[in-house]
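Visitor: Fold the following for me, if possible:
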Amino acid sequence: MEGELFLLDTHTVVWALAWPERLSRAARTAIETGLIAVSVASYWEMINKKGRATAPIAEPASWWRQYVIRGEIPMFPIRFEHVARLETMEWSHPDPYDRILCAQALVEGATLITADRTIRANQAVPTLW
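Guide: Predicted coordinates for the structure are as follows:
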């Protein structure tokens, strides 16, 4: 795992920073020993879910600044190549945030750390949990 690049799903970055006990042992080890990154798509998801019962973080802007930006966690922007990869993916997750995270993982050669069973069932996207 050391040297391998891992992209954290939205719930994974939240759990890693706020509730690490929710992570699997393999996910914790990968986050502690591998190269990790988060996506601006996760921030976008948090902002769009703010105020809902499904919101992973109540105040996403301040949380993101404190833990991701100040924590200097590398962040993937959403690039043309990521969106273009969506068109050629043979599999489609119903959640647009999960779709772009999958595309980013594929384009960037990263393993997506996720508890999402739908994503993990898709063998085209490398995942870890």
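Visitor: what about the strands in this structure?
Guide: Per DSSP state E, the chain carries strands over the ranges 5-8, 35-39, 75-76, 111-113, 127-128.
Visitor: Quick one: these as TSV, columns for mean pLDDT, distance to residue 50 and mean neighbour count too.
Guide: All C-beta spots, glycine's among them, are computed from the backbone N, C-alpha and C. Formatted as TSV, the strands of the chain follow (pLDDT from 0 to 100; distance: least, CB to CB, whole Å; neighbours: other CB atoms under 10 Å):
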stretch	mean pLDDT	distance to residue 50	mean neighbour count
strand 5-8	98	19	23
strand 35-39	97	17	20
strand 75-76	96	19	18
strand 111-113	98	23	23
strand 127-128	96	27	20
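Visitor: how about TSV for these, with distance to residue 24 added?
Guide: Compiled in TSV, those are given as follows (distance: least, CB to CB, whole Å):
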stretch	distance to residue 24
strand 5-8	13
strand 35-39	15
strand 75-76	22
strand 111-113	9
strand 127-128	8
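Visitor: among those, which is nearest residue 96?
Guide: The closest of these to residue 96 is strand 35-39. By CB to CB, the value is 12.3 Å.
Visitor: Run through who's touching the lowest-mean-pLDDT helix or strand in the chain.
Guide: Within the chain, no helix or strand scores below helix 117-121, which has a mean of 90 by mean pLDDT, DSSP states H and E. Residues outside helix 117-121 that contact it (CB atoms under 8 Å, 6 or more residues apart in numbering): 9, 93, 94, 98, 102, 112, 114, 125, 127, 129.
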